[in-house]
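Visitor: Take a look and give me a structure for this.
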Amino acid sequence: MNSHAFPRRATLPPELCDQTIDYLWDDIESLRACSLTCKAWLPSSRFHLFRNVRLRHAEDVVRFRALLTSAPSIAPCVRKLSLSADYGGATPEGSPQEDDAWVNGAAELLPLLSHITTLGLARVRWHALNEETRAAFAGVFKGVRQLFLFEVSFEASRDVVAFLSGFPMLQELYFQAVSWKHDSPSPFENPDTLHEFAEAGSMHLSYLFLDPKSSPTLVTEWLLKHPEEQRLRTIQLCWRELENTKAVGDLLQASGASLESLQVEFPAGISEDAVLQNHLSLAHNTGLRSLHFGGLDVRASQAFLSTRLFPWVTVMLSQVRSRHLQEVSFSLEITSVQDLLALDWARIDRDLSRAEFHGLMVMFYVSCEREGLEKDVRREIAERLPGFQQRGTLCISCI
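Guide: Residues are numbered from 1 along each chain as shown. Down below sits the predicted model:
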């Protein structure tokens, strides 16, 4: 029989198949179809299908346990694990009560998930978990590089520091609405216990997010006491502790030339003298590329009006020494166009018009209470920045 009578079946290179499946990483239905196509496509499809696992209640834990029992090869695919509890009722004091007891049931699964690099915890009372559960989590912490904490509560401030110190490889920290029942003596002031929180392996944070519902001072002090070199490339913080803005300046100085992106928001009422006294300088951040000033609510700031609003903005802007700066943005909230007159436009225009900022992109995101002000807002801002417009690009967006 002639061997050329039948055409030979074409076979795609495995790497091409893998690239095709990788392209579908967020298309669950297509990934499911790929996993059923042939045996060769199953590993890549399964990797993306189970890369991100979210457990929300006891039923999720039961189903996930059954899945790992029937297919143990799925466990190494899990890279991101999120445990998101919900509120179930209220405490005797009337506060929301977390329904997080089911998290203890997930403890036996944690030793199987040895490849987790991202961990998310939401509405979990860390102090209420069983000791065995906390120990099981500690085993997972060692490989985590990205940590999301949302409405997680602790017994004492010391417990927060101990918790964060359990992540030796941490690179990104999102610290949102984290709380503790009471403040405990700072472990950094006791030389006998300082080493317990300072020895955090090779941790080098590159991304830090601190929201106003948490106390950012504790995290900042923990970072500053860390013996390793600071490598923060992105800082996003909303600072509400007027009495301790110095910690922000210390963090900026420690970040030095590594810092590339800064998003900062201070409360209404912070004075220019407070900024200067606490040395909130950007002079050390010579690698800064992006700078965003948020929370500039003129309406909430009227009670603090002296000569000009938001002096911390103009002070920090004047202290920029980076020759790599590419964009500066401002988020404003106003009631009328007249509110814009409260800003020190002459000083802002002078700082943005510096020769080293040639080609800079400046963006204003303006939230207006009343409709129909877009044209007037754009004209008012553009007229106030004549010097800058000769050197850079101005974009104004009304929300």
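Visitor: Can you pull the phi/psi pair for Phe266?
Guide: phi -120, psi 160 (degrees, to the nearest 10).
Visitor: Please verify my assumption that it contacts Pro311.
Guide: No. With contact defined as Cβ atoms under 8 Å, Phe266 does not count as touching Pro311 (10.0 Å). Bear in mind the C-beta positions are built from the backbone N, C-alpha and C, glycine included.
Visitor: between those two, which one's more packed in?
Guide: Ranked by neighbour count (other Cβ atoms under 10 Å), Phe266 and Pro311 place Phe266 first, with 27 against 21.
Visitor: ok, the more buried one - contacts?
Guide: Counting by Cβ atoms under 8 Å, 6 or more residues apart in numbering, Phe266 makes contact with Trp239, Thr245, Gly295, Trp312.
Visitor: Okay, and which of the residues you listed map to strands?
Guide: Gly295 (DSSP state E).
Visitor: Taking the contacts of Phe266, tell me the two that lie furthest apart.
Guide: Within the contacts of Phe266, Thr245 and Gly295 form the most distant pair, 14.3 Å apart (Cβ to Cβ).
Visitor: Considering the contacts of Phe266, which is situated nearest to Val144?
Guide: Closest approach between the contacts of Phe266 and Val144, by Cβ to Cβ: Trp239, at 25.9 Å.
Visitor: Please, where are all the strands along the stretch 201-350 of the chain?
Guide: 207-210, 234-238, 261-265, 290-297, 327-334 (DSSP state E, counting those that start in this stretch).
Visitor: what helices or strands is the last one leaning on?
Guide: Yep, that's strand 327-334 we're talking about. Helices and strands touching strand 327-334, by 3 or more Cβ pairs under 8 Å, 6 or more residues apart in numbering; DSSP states H and E, are strand 290-297, helix 298-301, strand 361-368.
Visitor: hey, which of those is tucked in deepest?
Guide: strand 290-297 (a mean of 20; mean count of other Cβ atoms under 10 Å).
Visitor: returning to what we had before: make a markdown table out of the contacts of Phe266 and add distance to Gln390.
Guide: Putting these into a markdown table (distance: Cβ to Cβ, whole Å) gives the following:
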| residue | distance to Gln390 |
| --- | --- |
| Trp239 | 34 |
| Thr245 | 34 |
| Gly295 | 29 |
| Trp312 | 27 |
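Visitor: residue ranges with poor pLDDT in the stretch 251-399 of the chain?
Guide: 268-279, 300-309 (pLDDT under 70).
Visitor: so what secondary structure elements neighbour the helix or strand Gly89 falls within?
Guide: Under the criterion of DSSP states H and E, Gly89 resides in strand 86-90. Packing partners of strand 86-90 (3+ Cβ pairs under 8 Å, 6+ apart): strand 96-99.
Visitor: Enumerate the positions of the strand it packs on that are buried.
Guide: For strand 96-99, burial by neighbour count (16 or more other Cβ atoms under 10 Å) applies to Glu98.
Visitor: Could you do stretch 341-356 as well?
Guide: Quick answer for stretch 341-356 (16+ other Cβ under 10 Å): Ala342, Leu343, Asp344, Trp345, Arg347, Ile348, Asp351, Leu352, Ser353.
Visitor: what about it, start to end distance?
Guide: Stretch 341-356 has its terminal residues 27 Å apart, counting by Cα to Cα, to the nearest Å.
Visitor: Show residues contacting that stretch.
Guide: In contact with stretch 341-356 (Cβ under 8 Å, 6+ apart) are residues 298, 301, 305, 307-311, 313-314, 317-318, 320, 323, 328, 360, 362, 384-388, 390-392.
Visitor: same deal with stretch 54-71?
Guide: With Cβ under 8 Å, 6+ apart, stretch 54-71 has contacts from 53, 74-75, 81-86, 99, 102, 105-106, 108-109, 112, 120.
Visitor: Of these, just the buried ones, PyMOL syntax please.
Guide: To isolate in PyMOL the members of those that are buried, counting by 16+ other Cβ under 10 Å, one can use:
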select buried, resi 53+74+75+81+82+83+84+85+102+105+106+109+120
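Visitor: Off-centre distance for the host helix or strand of Leu16?
Guide: Assigned by DSSP H and E, Leu16 falls within helix 14-23. Its chain's C-alpha centre and that of helix 14-23 lie 31 Å apart, by Cα atoms, centre = their mean, to the nearest Å.
Visitor: just the CA coordinates of that helix, formatted as PDB?
Guide: Extracted in PDB, the C-alpha atoms of helix 14-23 (Å, rounded to 0.1, in the frame of the first residue of the first chain):
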ATOM      1  CA  PRO A  14       3.400  22.200  22.300                       C
ATOM      2  CA  GLU A  15       4.800  25.700  23.100                       C
ATOM      3  CA  LEU A  16       2.400  27.200  20.500                       C
ATOM      4  CA  CYS A  17      -0.600  25.400  22.200                       C
ATOM      5  CA  ASP A  18       0.600  26.700  25.600                       C
ATOM      6  CA  GLN A  19       0.800  30.300  24.300                       C
ATOM      7  CA  THR A  20      -2.700  30.000  22.900                       C
ATOM      8  CA  ILE A  21      -4.100  28.800  26.200                       C
ATOM      9  CA  ASP A  22      -2.100  31.500  28.100                       C
ATOM     10  CA  TYR A  23      -3.900  34.100  26.000                       C
END
